[in-house]
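Undergrad: sequence and predicted model, in that order:
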Amino acid sequence: MIHVAADRRVFEFHGKNSFYTMCVDTEGRLLQIGHGGLAGRSPVCTSGYVYTEWLGNLMEVPAYGDLSQDEVVLKAEFSSVSDPVRDLRLRYVSHDTVTDAQPGFAPKHGQPVLITTPRQTLRIRLRDIEFDFFVTACYRWTPEHDIMERWLELENKTDQPVRIEQCFSGVLPVGHGQFELTALDGFWATESHLRREKLAFGTKILESRTINTSALHNPFFMVNRVSRAGYEHGDVWFGQLAYSGNWRLAFEARHDLFLRVFGGYNPYDFELILPPGGTHSTPAFIHGFSTEGWSGASRRLHAFQRERVLPRSPESAPQRPVLYNSWEATSFGVTEQNQLELARKAAAIGVELFVLDDGWFGNRTNERSSLGDWFVRKSAFPNGLKLLIDEVHGLGMQFGLWVEPEMVNPDSDLYRAHPDWVLHFPGRPRTEQRSQLILDFGRPEVVDYIWSILDRLLSEYPIDYFKWDMNRAASEPGSVEGKAVWMKHVAGVYGLMDRLRAKYPALSIESCSSGGARVDAGVLYRTEEVWTSDNTDALCRLAIQEGFNYAYCPRVMSCWVTHEKNDQTKRPATLALRFNVATRGTLGIGSSLNHLSDAELADYARYIAFYKTIRPLVQDGTCYRLLELEEHNSSVWQFVGEGGREAVLSIVIADHRTAQVMPPAKMKGLIADRLYKGTDDLGRVLYTATGAELMSCGVPVYAQQDHPCMLAIGYSRTIHFTAT
Ligand code: GLA
C-alpha cells in the first residue's frame, strides 16, 4: 500500500514487514523520515502519528548545492547564465500515483513476467528553485516482498544544455548504528564469493569500471546492525541494481553513525548532457527489507526475480531445460561430425538443449581471430549449421549457439573493413585483451550491423537459444559519443536483446561474460539464465553458488557437471558430488560424452532423470540455506514447493575437521502432521519422518546407512522428500 497524507504531505509505503516514509518540509524539501520493520505499526497517514524524532535532515534526492560535503545523488551544471552554476536545489512541485511507470533501461521486448498484476508507483516531482530543471523521484512498490524499485526521471526545460556530472538512482536511508556489509566479490573463476565486513566511519565503495557488470564486485548488498542479524534472524536491508554497465554502490556512514546507501551510475568518467527539452530515466535501484536475516532477504529477492523480473514468454516451457554445452569437450575444435556425435549421446542421457559454443564461425580455430565474422566456418560445418540443427531437433532437443556480439578480433574481416568501429582514442594504442577489442556501440551503424548479423542467423536457422558472451573489460573508452558511451553500450546491448526477443519470442538467452561477469537484475529482465562461472570444480562451485544464491534465484544459475578431473583445477571429484552441486540450479552437462563408458553414461542418465523429478522445486520453489559454508564448512540447502508437500534437501560436506559433528538440518515449510519419505537418485528411502520431526529435530546430514567415515570432504546427497 502507498499512503499519502496530502495535507501534511507525508508519503508512506507499507509492505508485509516494512515501511518507508517521506515528507515535504515547509521549505518544500523532500525528506526521508524512516525505513525499517513494521512490527505491527499502522500507517502514519491514518494513525495521525506525529514525527518528533527525525532521522536528521536527510534529503530524498540530495543534490550538490543544498549539500556539498556529504555524498549527493545529483550534481548538475547550468550554463544558462554567463558563469556556469553548479548549484541544484530541488523543491516539491506535485505528486501522483500511477500503475504503468517504468524505470530507465526497462525491457522493451514486451514479453510478460510471471505475475503481471499492476503495481503502484509514487512519482514526486521536484524543480530547481530557479531553473526549469525537473527531477521526478519514482518509487515502484512490491509490498508482498517488501521491495522497492526507485529511479529518477530528469527533464531539462531550460533553453540551454544541462551537464549532469553525477547521478545515482537514489539513496536508501538505513538508520543509526554500527553496520556490517555482506557483498559478493571475485574474479574470473572465483565469482560471487561472500564477504562480510564492518562498515567503518566514512564511505565504502563497490563498483564496476569495466563497461559491464564485472566479476570483481556484484551490484548487490545486504546490511545489518552488527550482531543483530544472522542467517535466519534479524533485520536486514538489501538491494541490487538493474544495470549492466559502470555502476556504484556507496555506503556512507556519517559521523553520527547514520548509514545511507547510494546506488546507480558510477560517477567515474561519467557525463550526461541533457539538451533543451531532453529527458533521461535512470535504471532502477532495487532495495528491500527482511526481518528473517540474510536467508530471508535472499528469499525475497528470489521471489521478486522469478515473479517480476525474468521474462516468461508463453512459448517457453515452465522449467529451464537440461543443457549440454560442448565447450569443455571440443573447445575450438568443433566440427559437424563431433557435434553430431555429442548431440546423439546428449539426447540419449536426457539432455533437452544442445549448445554449440565458440569456434563455429569465420576462421575461428583459436581465440585470436574471427570475432565479428559471424559466418559459418565451412571447413568445420560444410552443410552450414542446418544438418546439425535438424539432427538436434530430430533428437527432441532445442538448439543453442554461442555468440559474442560486442566484440571483434583485429584479425577479422570486420575489423579490416572498419577499424574505426572499436572503442579507441584516435592515434593512441588500442589495448587488446584475449586478442579482442570492443565495438563502439555509441555508433548507431555498429549496433545496426550487429542487429543484422543476429537477425540473419535467427531467420536462416531455427536457433532456440543464444549464449551471449562478453569476454573483456573496456580499456580506452574513446567513442563518437564521448563519455556517454559507457551508458550507450548498455543501452545498445539491452536494445539488441529486446529487439531479438520481440521478433523471436521463442528465443531464450543466456548471459555470459567470461563466466559470471554480467549477472545483475538489468540483464535478467531479458535473459532466462546466466553462466555462473567458468570454474566447474564442484567444491569451488559450492562457494561460488552459495554467494550467488544470496542475490539471485536458483532458476537462473546455470550449473554444469563436467569431467571427473576438473579442467580448471585438475582436481578429481566423484560424479555424485558433481551432480549434487550442479542440481542446486539449472542443470547442464559439459563433459566429453565421447570419452565416457556406457556405465558412466547410464549414471549420468539416472542423475538427469532424478533432477527432472526435483526440478520444479529447485527452479520455482522457495530456497532455504539451512547450514552455510561460512559457518560449517558444509552447505545444506532446502527447496520447498508451495503448500509444503514436497521438498529437496541438498547436502555437501566441503571440508571436515576430525571429530567435527554437524548439527542436524532443520527443514522449513513442511506440513507438521504429514509423514514424509526422503528418497535419493537410486530410489532408496533414506528418511521417514513427520513434517514436525523434520522441522523441529531436523535431519542428520548423513544418513544411517552411511559409514561415519563417509562424512568426509566431498560427501554429498540430494534427497527428495514427499508427503505420503
Ligand atoms: C568464455 C565463456 C566460456 C566459453 C568461452 C568460449 O570464456 O565463459 O564458457 O564460452 O568464452 O570462448
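TA: Great, that's in hand. Residues are numbered from 1 along each chain as shown.

Undergrad: in the stretch 201-350 of the chain, which residue sits closest to the ligand?
TA: Trp327 (4.8 Å; CB to the nearest ligand atom). All C-beta atoms are positioned from the backbone trio N, CA, C, and that covers glycine.

Undergrad: with adjacent residues omitted, what lies nearest to that residue?
TA: Asp357 (3.8 Å; CB to CB, 6 or more residues apart in numbering).

Undergrad: give me the contact list for stretch 107-114.
TA: Here stretch 107-114 makes contact (CB atoms under 8 Å, 6 or more residues apart in numbering) with 306-314, 494-495, 497-502, 505, 525-526.

Undergrad: bridging residues for the residue nearest to Val93 when sequence neighbours are not counted?
TA: Nearest residue to Val93, sequence neighbours excluded (CB to CB, 6+ apart): Arg125, at 4.4 Å. Beta-bridge partners of Arg125, counted by DSSP bridges, are Ser94, Thr136.

Undergrad: Gly170 versus Arg125, what's the distance?
TA: 15 Å (CB to CB, to the nearest Å).

Undergrad: more crowded one of these two?
TA: Of the pair Arg125 and Gly170, Gly170 is the one with more neighbours under other CB atoms under 10 Å, namely 24 against 18.

Undergrad: distance of the closest residue to the more buried one other than its chain neighbours from the ligand?
TA: Leaving aside its sequence neighbours, Gly170 sits nearest to Arg150 (CB to CB, 6+ apart; 4.1 Å). Arg150 is 33 Å from the ligand, where distance means CB to the nearest ligand atom, to the nearest Å.

Undergrad: use 30 as the first number from now on
TA: From this message on, residue numbering opens at 30, which makes the last subject Arg179.

Undergrad: who are the contact partners of Arg179?
TA: So Arg179 contacts Ala166, Cys167, Tyr168, Arg169, Ser198, Gly199, Ala313, Phe314, His316 (CB under 8 Å, 6+ apart).

Undergrad: what's it sitting at in phi/psi?
TA: For Arg179, the backbone dihedrals (degrees, to the nearest 10) come out as phi -130, psi 150.

Undergrad: can you give me the helices for the stretch 380-529 of the chain?
TA: 415-423, 442-446, 473-489, 514-532 (DSSP state H, counting those that start in this stretch).

Undergrad: name the stretch among the ones you listed that sits most buried.
TA: helix 514-532 (a mean of 22; mean count of other CB atoms under 10 Å).

Undergrad: where in the stretch 80-229 of the chain is pLDDT low?
TA: 80-86, 97, 109-110 (pLDDT under 70).

Undergrad: for the ligand, give me its nearest residue in it.
TA: Trp217 (8.2 Å).

Undergrad: that residue: neighbour count?
TA: With other CB under 10 Å as criterion, Trp217 counts 16.

Undergrad: host element of it?
TA: Element membership for Trp217 (DSSP states H and E) is empty, with no helix or strand holding it.

Undergrad: next up, phi/psi of it, please.
TA: phi -60, psi 130.

Undergrad: what's the closest non-adjacent residue to it?
TA: Ser543 (5.3 Å).

Undergrad: ok, now how distant is that neighbour from Ser198?
TA: 27 Å.

Undergrad: who's more crowded, the two?
TA: Counted by other CB under 10 Å, Ser543 and Ser198 do not tie: Ser198 has more neighbours, with 27 against 22.

Undergrad: so the more buried one, which of the three states?
TA: strand (DSSP: H, G, I helix; E, B strand; the rest coil).

Undergrad: for it, give me its contacts.
TA: With CB under 8 Å, 6+ apart, Ser198 has these contacts: Pro132, Arg179, Trp180, Leu181, Leu270, Gly292, Gly293, Tyr294, Thr311, Pro312, Ala313, Phe314.

Undergrad: and with 7 Å instead?
TA: Arg179, Trp180, Leu181, Gly292, Gly293, Thr311, Pro312, Ala313, Phe314 (CB atoms under 7 Å, 6 or more residues apart in numbering).

Undergrad: the fifth one bridge partners, please.
TA: When bridges are taken as DSSP bridges, the partners of Gly293 come out as Phe197, Arg277.

Undergrad: report pLDDT for it.
TA: Per-residue confidence (pLDDT) for Gly293: 98.

Undergrad: what's the local residue count around it?
TA: Neighbours around Gly293, by other CB under 10 Å: 29.

Undergrad: that one touches Ala313, doesn't it?
TA: No: Gly293 lies out of contact with Ala313 (CB atoms under 7 Å); the separation is 9.3 Å.

Undergrad: can you confirm Thr751 is in a strand?
TA: Yes: secondary structure assignment places Thr751 in a strand (three-state DSSP).

Undergrad: could you identify the longest helix within the chain?
TA: Criterion DSSP state H: the longest helix present in the chain is helix 627-649.

Undergrad: list the helices and strands it packs on?
TA: strand 615-618, strand 663-669, strand 675-682 (3 or more CB pairs under 7 Å, 6 or more residues apart in numbering; DSSP states H and E).

Undergrad: what packs against the last one?
TA: The helices and strands touching strand 675-682, judged by 3+ CB pairs under 7 Å, 6+ apart, are helix 604-611, helix 627-649, strand 663-669, strand 745-752.

Undergrad: swap in 6 Å and give it another go.
TA: Counting contacts by 3 or more CB pairs under 6 Å, 6 or more residues apart in numbering; DSSP states H and E, strand 675-682 is packed against helix 627-649, strand 663-669, strand 745-752.
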